[in-house]
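Engineer: Dropping a prediction and its sequence here:
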Amino acid sequence: MNSFRAVSRIALRVKPTRALLAPRRNYAEAAGPADKIRLSLALPHQTIYKASDVIQVNIPAESGDMGILANHVPSIEQLRPGVIDIIEEGAGSKQFFLSGGFAVVQPDSQLSINAVEAFPLEDFSPEAVRAQIAEAQRIANGSGTEQDIVEAKVELEVLETLQAALK
Amino acid sequence: MVAAWRAAGLTYNKYLSIAARVVRRSLKEQPRLAAERRGEMQLKFAKWEGGKQGDVKSLAKESAE
């Protein structure tokens, strides 16, 4: 009876320590700090971010606006022309206007964003945007070729998003 | 859901180039001049038939039609 009690007491003591020693691995540990996402933002002619660890990235996906943190579920998102927010530790948040592209979330907390053009918001001229909206509206409602009207409508959509972002 | 540009017969490539062009044109003077050069594309092609070269056409003009 006594010896049985002793054994069960040992068993109780051993169990929790084994659970603590069991190695736990996840994807993020292999890539970098567990609470960061590794961002690459690349254009055909320039690399803006090259595997930088950031806290959060907000993207305007075709399926809706989304914020991406570390350990995000892997996905591929088509981007609407719009603003992305990049929240860095200490440096605050940076905003770029992208002309459209793709964001790929990889399983090891890596985020790759490809776009044709990306500029910080302060590089845009509100007057140029306003003038182009007027011009695009004139073409969209005019009697030009079907091709011109379609192009003007695409331009209008981009310009209106841009104007809203600049306010 | 099909996007409006797609329903109108644009390819994704064409749509992206229109969006990029309008973004470049919205920039302030300084970055705009540097960026607009990137949008330029010149490519000519000609169809050869029976050993003879046909008319030389601009790709940009042909694909706009």
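Structural biologist: On my side now, so go ahead.
Engineer: State the distance from residue A:160 to residue A:133.
Structural biologist: Separation of residue A:160 from residue A:133 (C-beta to C-beta, to the nearest Å): 7 Å. All C-beta atoms are positioned from the backbone trio N, CA, C, and that covers glycine.
Engineer: Which residues does the longest helix along chain B contact?
Structural biologist: Using DSSP state H to define each element, chain B has its longest helix at helix B:12-25. If you take C-beta atoms under 8 Å, 6 or more residues apart in numbering or on different chains as the criterion, helix B:12-25 is touched by A:81, A:97, A:99-101, A:116-117, A:119, A:128, A:132, A:136, A:151, A:154-155, A:158-159, A:162, B:3, B:5-6, B:10, B:32, B:35-36, B:38-39, B:63.
Engineer: Next: stretch A:122-133.
Structural biologist: So stretch A:122-133 is contacted by A:97, A:155-156, A:159-160, A:162-163, A:166, B:22, B:25-29, B:31-32 (C-beta under 8 Å, 6+ apart).
Engineer: let's see 10 Å
Structural biologist: Residues outside stretch A:122-133 that contact it (C-beta atoms under 10 Å, 6 or more residues apart in numbering or on different chains) are A:95-97, A:152, A:155-156, A:158-160, A:162-163, A:165-167, B:22-23, B:25-32, B:35.
Engineer: Quick one: name the residues of chain B near chain A.
Structural biologist: For chain B, the residues in contact with chain A (C-beta under 10 Å from any C-beta of the partner chain) are B:1, B:3-5, B:7-10, B:12-32, B:35, B:38-39, B:64-65.
Engineer: From those, list the buried ones, please.
Structural biologist: Among the residues of chain B next to chain A, those buried by neighbour count (16 or more other C-beta atoms under 10 Å in any protein chain shown) are B:5, B:8, B:10, B:14-27, B:31-32, B:35, B:38.
Engineer: Tell me the spatial nearest neighbour of residue B:56, not counting adjacent residues.
Structural biologist: Spatially, and ignoring its direct neighbours in sequence, residue B:56 is nearest to residue B:46 (4.6 Å; C-beta to C-beta, 6 or more residues apart in numbering or on different chains).
Engineer: number of nearby residues for the one you found?
Structural biologist: When neighbours are defined as other C-beta atoms under 10 Å in any protein chain shown, residue B:46 has 11 of them.
Engineer: thinking residue A:96 is in contact with residue A:84, fair?
Structural biologist: Yes: between residue A:96 and residue A:84 a contact is recorded at 5.4 Å, counting by C-beta atoms under 10 Å.
Engineer: Among the contacts of helix B:12-25, which lie within helices?
Structural biologist: Among the contacts of helix B:12-25, the members falling in helices (DSSP H) are A:128, A:132, A:136, A:151, A:154-155, A:158-159, A:162, B:5-6, B:32, B:35-36, B:63.
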